[in-house]
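> Got a sequence here, can you model it:
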Amino acid sequence: MAYKQWTSLDQVDHYARTRYRHWDQRWLDRREQSLVRELFTRYGLRGQVLDAPVGYGRFQPLLAEFGAVHALDFNFYAALYQLKRLGLARGSVTGAAEALPFKGDSFDVVFSFRLLQHMHEPDERRAIFREFCRVSRQWVVVSLYLMSLGHRLHRRLVKQPSRITMLTRREMLAEAEGAGLTLVRIASVLPGLHAHHVCLFSVGKAA
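Model prediction:
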C-alpha cells in the first residue's frame, strides 16, 4: 500500500484544515464521529486507547473523552504533529500497524480508522489484525469497506485519487477471526449508499 508521505508539520496542518472543508465531507465526518461515540458509549470502551494510524488526529478529541489516548503513525510528521500541534496524546510514536512497537496487552482499546481499505493483500490485513489483537486487552475498533455494488460503480464512474479494497463480509470475518478477534457489532456509515463500515471486535472472549 502507499502511505501519505507528509514531509513537514505544515503539510499535516494544511491537510487537517482542508480535508473536510466541503459540506458533504463535514456531514460525513459528523456521521463517522457519531458512530464511533455510540460504540464507545454503548459498550463501555474506556482506558488506554491506541489510535493507529493517527493521521492528523481527527478522532483524538473524541477518544480523549474515554481515556488516555496514544498515537502511532507510519509517517514521522503525523506522529510529531500530535505532540507539537494537537497535544492530546500521552505518547506519539512512528511505526507500522503490521509491526506495532508495543508489548502485548498494552492497551484497553485499539482504534484504527480508514487504514484497512488501503491494504490490498490479505496477508497485510491479517498481520494488522494479529498485531491489534496482540496489543489490546479487550477491544479493537476498525473501519473497513465491505462489498457494495453502488459504491463500486460510483468509483468506476467518478475518478478517485486512491484505490480502495472492498471485502465481502465472509472475507472480513475470516481474516479477523483468524487473528483471534470476535465480531461484536458492525455499523454502516451510510446504510445502502456507502461501503464504509465501523466494526467492533472483542479480544479473546465471546461477544
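> For the lengthiest strand in the chain, list the C-alpha coordinates in PDB.
Ranked by residue count and defined by DSSP state E, the top strand of the chain is strand 136-145. This file holds the C-alpha atoms of strand 136-145, laid out as PDB (Å, rounded to 0.1, in the frame of the first residue of the first chain):
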ATOM      1  CA  SER A 136      -5.200  -5.000  23.000                       C
ATOM      2  CA  ARG A 137      -6.500  -6.300  26.300                       C
ATOM      3  CA  GLN A 138     -10.200  -6.100  25.400                       C
ATOM      4  CA  TRP A 139     -11.400  -4.200  22.300                       C
ATOM      5  CA  VAL A 140     -10.500  -3.400  18.700                       C
ATOM      6  CA  VAL A 141     -12.400  -0.900  16.600                       C
ATOM      7  CA  VAL A 142     -11.600  -0.700  12.900                       C
ATOM      8  CA  SER A 143     -13.200   0.800   9.800                       C
ATOM      9  CA  LEU A 144     -13.200  -1.000   6.500                       C
ATOM     10  CA  TYR A 145     -15.000  -1.200   3.200                       C
END
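> State the mean pLDDT of the lengthiest helix in the chain.
The single longest helix within the chain, with elements called by DSSP state H, is helix 23-42. Averaged over helix 23-42, pLDDT sits at 94.
> the inter-axis angle of that helix versus strand 136-145?
Angle of helix 23-42 versus strand 136-145, following axes from the mean of the first three to the mean of the last three C-alpha atoms, to 10 degrees, is 150 degrees.
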